[in-house]
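Visitor: Whatever this is, show me its structure:
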Amino acid sequence: MPKFKELYLAGEIEFEAIDDYTYEWGNSEEECTLREYLGLNEEEEDAWVSIGDEALYQLLEQQKVKN
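Guide: Numbers count the residues shown, from 1 in each chain. The predicted model follows:
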């Protein structure tokens with residue numbers, strides 16, 4: 001299954017879909033971390049947890065422009 005980050009960077013989903021992915025992970029039997037489930041790296045996870053959605057959004061947008 002494609003990860004949130006992969007689909008977002010490809011322009012296939014909106015950033016707000018992260019809420020749905022987080023909910024799905026919380027209700028799944030997945031044995032991976034939320035970071036792994038979303039396809040985030042450590043820097044992205046740290047920004048998201050410590051600063052919030054806007055910080056993660058900005059990091060991902062920078063990558064989107066590069067691709």
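Visitor: residue ranges of the helices in this protein, please?
Guide: Taking DSSP state H to define them, one finds helices in the chain at 4-9, 17-26, 34-38, 42-50, 53-66.
Visitor: CA atoms only for the second one - export them in CSV, please.
Guide: Extracted in CSV, the C-alpha atoms of helix 17-26 (Å, rounded to 0.1, in the frame of the first residue of the first chain):
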residue,chain,number,x,y,z
ALA,A,17,-5.5,13.2,4.3
ILE,A,18,-2.8,12.7,6.9
ASP,A,19,-5.6,12.7,9.5
ASP,A,20,-7.3,9.8,7.8
TYR,A,21,-4.0,7.9,7.6
THR,A,22,-3.3,8.5,11.3
TYR,A,23,-6.8,7.3,12.2
GLU,A,24,-6.4,4.2,10.0
TRP,A,25,-3.1,3.4,11.6
GLY,A,26,-4.6,3.8,15.1
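Visitor: Give me the distance between the helix or strand bottoming out on mean pLDDT in the chain and the centre of its chain.
Guide: The weakest-scoring helix or strand in the chain, judged by mean pLDDT, DSSP states H and E, is helix 53-66 (a mean of 91). Offset of helix 53-66 from its chain centre (Cα atoms, centre = their mean, to the nearest Å): 10 Å.
Visitor: got the angle between it and helix 17-26?
Guide: Helix 53-66 and helix 17-26 are oriented at 110 degrees to each other (axes from the mean of the first three to the mean of the last three Cα atoms, to 10 degrees).
Visitor: which strands and helices sit next to helix 53-66?
Guide: helix 4-9, helix 42-50 (3 or more Cβ pairs under 8 Å, 6 or more residues apart in numbering; DSSP states H and E). Where you see a C-beta, it was placed from the backbone N, CA and C, and this is true even at glycine.
Visitor: Show me the one of those helices that comes nearest Arg35.
Guide: The closest of the helices and strands packed on helix 53-66 to Arg35 is helix 42-50. By Cβ to Cβ, the value is 4.4 Å.
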